[in-house]
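Q: With the sequence up front, the predicted model follows.
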Amino acid sequence: MNIAIVGYGKMGRIVERAAKEKGHRVTVVIDPLVPDPPVPSGVLFYKSAAEAENLADADVAVEFSRPQAAADNIKALAARRVPVVSGTTGWYGRMDEVAEAVKAADSSLLWAPNFSLGVNIFYRIAFNAASLMDPFDEYDAGGFEAHHNKKADSPSGTAKTLAEGIIKRIKRKSKPVYETLARPPAPDEFHFPSLRLGAMPGTHAVIFDSLSDTIEIRHTARGREGFASGALAAAHWLVNCPGPGLGAGKARRGIFTMDDVLDELGVK
């Protein structure tokens with residue numbers, strides 16, 4: 001694949017390295033800051049997707065930028081009919097606007113708060129566990145997430161996905177609460193606070209607790225490489241449609257998530 005990288009920070013550079021290791025080509029880099037060191041020779045550089053005059057036949061854009069820039073970059077790429085894989089969180093308040101732009105351009109977007117294959121399998125384990133625990137009122141449910149102190153958003157997008165998915169499956173829980181509480185949580189609240197500390201790896205835990213015992217399900221990321229690998233796998237899925245698709249690369253049209261990728265792989 002020819003790949004445009006949107007956001008050339010730590011995550012973007014890891015995506016670049018992983019893409020090259022898999023035999024893909026990075027043809028464009030989009031970032032508001034001039035990179036130091038500069039982008040490799042032969043790679044086009046732009047400060048925003050809107051000003052990208054030549055996308056160098058990019059088959060797909062992999063976007064790990066900033067919440068305040070992501071939606072506009074996705075819309076600009078959609079207008080150029082470049083499929084986008086977006087791993088940025090914190091912009092979902094503009095999801096309806098972005099989805100409308102993608103559909104109007106007959107383009108494609110695959111978004112996820114976390115592209116790690118392990119995390120996406122973890123979601124399904126946690127959701128299945130919640131369904132199993134639903135009949136047993138003696139078990140309270142909650143959890144927490146922890147990340148390094150440079151993370152831009154809190155709670156994490158992964159935390160929101162977990163909490164919102166679990167309250168759909170446990171009838172006695174109806175409201176996720178992410179802030180620190182100076183009171184006991186209400187019985188219908190699913191408490192899922194955040195910790196930002198040092199260089200901690202991304203950690204998410206779901207806990208079911210009773211007077212008799214505790215069940216804890218936890219995922220801990222060892223690094224960002226899993227996110228890059230998952231994003232590239234998602235990009236390959238997005239631009240390799242088995243049926244009628246978009247352009248010569250036959251990219252799928254529409255809005256997708258990692259659930260669509262796992263469903264096609266038969267992961268239940």
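A: Now that the structure is in, tell me what you want to look at.

Q: can you tell me how far R169 sits from S131?
A: 5 Å (Cβ to Cβ, to the nearest Å). To be clear about C-beta, it is placed using only N, CA and C from the backbone, and glycine gets the same treatment.

Q: more neighbours, these two?
A: Neighbours per residue (other Cβ atoms under 10 Å) separate R169 from S131, with R169 holding more: 17 against 13.

Q: dump the residue contacts of the closest residue to that one other than its chain neighbours.
A: Distances taken as Cβ to Cβ, 6 or more residues apart in numbering place A130 nearest to R169, at 4.0 Å, with adjacent residues excluded. Applying Cβ atoms under 8 Å, 6 or more residues apart in numbering, we find A130 in contact with 141, 165-166, 169-170, 206.

Q: Of those residues, grab the buried ones for PyMOL.
A: PyMOL command restricting these to the buried ones, with burial defined by 16 or more other Cβ atoms under 10 Å:
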select buried, resi 141+165+166+169+170+206
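
Q: Go through the contacts of A130 and flag which are in helices.
A: 165-166 (DSSP state H).

Q: Where do the strands of the stretch 151-268 of the chain begin and end?
A: 175-177, 189-191, 194-196, 203-209, 214-220, 254-256 (DSSP state E, counting those that start in this stretch).

Q: Could I get these in TSV, plus columns for mean pLDDT and distance to A69?
A: Below are the strands of the stretch 151-268 of the chain laid out as TSV (pLDDT from 0 to 100; distance: least, Cβ to Cβ, whole Å):
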stretch	mean pLDDT	distance to A69
strand 175-177	97	26
strand 189-191	98	31
strand 194-196	96	22
strand 203-209	97	25
strand 214-220	97	28
strand 254-256	96	19
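
Q: For the ones you listed, give me TSV that also has distance to P155.
A: Converted to TSV, the strands of the stretch 151-268 of the chain look like this (distance: least, Cβ to Cβ, whole Å):
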stretch	distance to P155
strand 175-177	9
strand 189-191	11
strand 194-196	5
strand 203-209	10
strand 214-220	15
strand 254-256	23
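
Q: R80 is nearest to which of these?
A: strand 254-256 (16.8 Å; Cβ to Cβ).

Q: Is the residue nearest to R169 within a helix or a strand, and which one?
A: Using DSSP states H and E, the element containing A130 is helix 117-133.

Q: Which positions within that helix qualify as buried?
A: By neighbour count with 16+ other Cβ under 10 Å, helix 117-133 contains the buried residues 117, 119-120, 122-123, 126-127, 129-130, 133.

Q: same deal with stretch 9-24?
A: For stretch 9-24, by 16+ other Cβ under 10 Å, it's 11-16, 18-19, 24.

Q: Just want the phi and psi numbers for A71.
A: As for A71, its main-chain torsions (degrees, to the nearest 10) stand at phi -60, psi -40.

Q: picking up where we left off before, possible to save the buried residues of helix 117-133 as JSON lines with pLDDT?
A: Rendered in JSON lines, the data for the buried residues of helix 117-133 read as follows (pLDDT from 0 to 100):
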{"residue": "L117", "pLDDT": "92"}
{"residue": "V119", "pLDDT": "94"}
{"residue": "N120", "pLDDT": "94"}
{"residue": "F122", "pLDDT": "96"}
{"residue": "Y123", "pLDDT": "96"}
{"residue": "A126", "pLDDT": "97"}
{"residue": "F127", "pLDDT": "97"}
{"residue": "A129", "pLDDT": "98"}
{"residue": "A130", "pLDDT": "98"}
{"residue": "M133", "pLDDT": "98"}
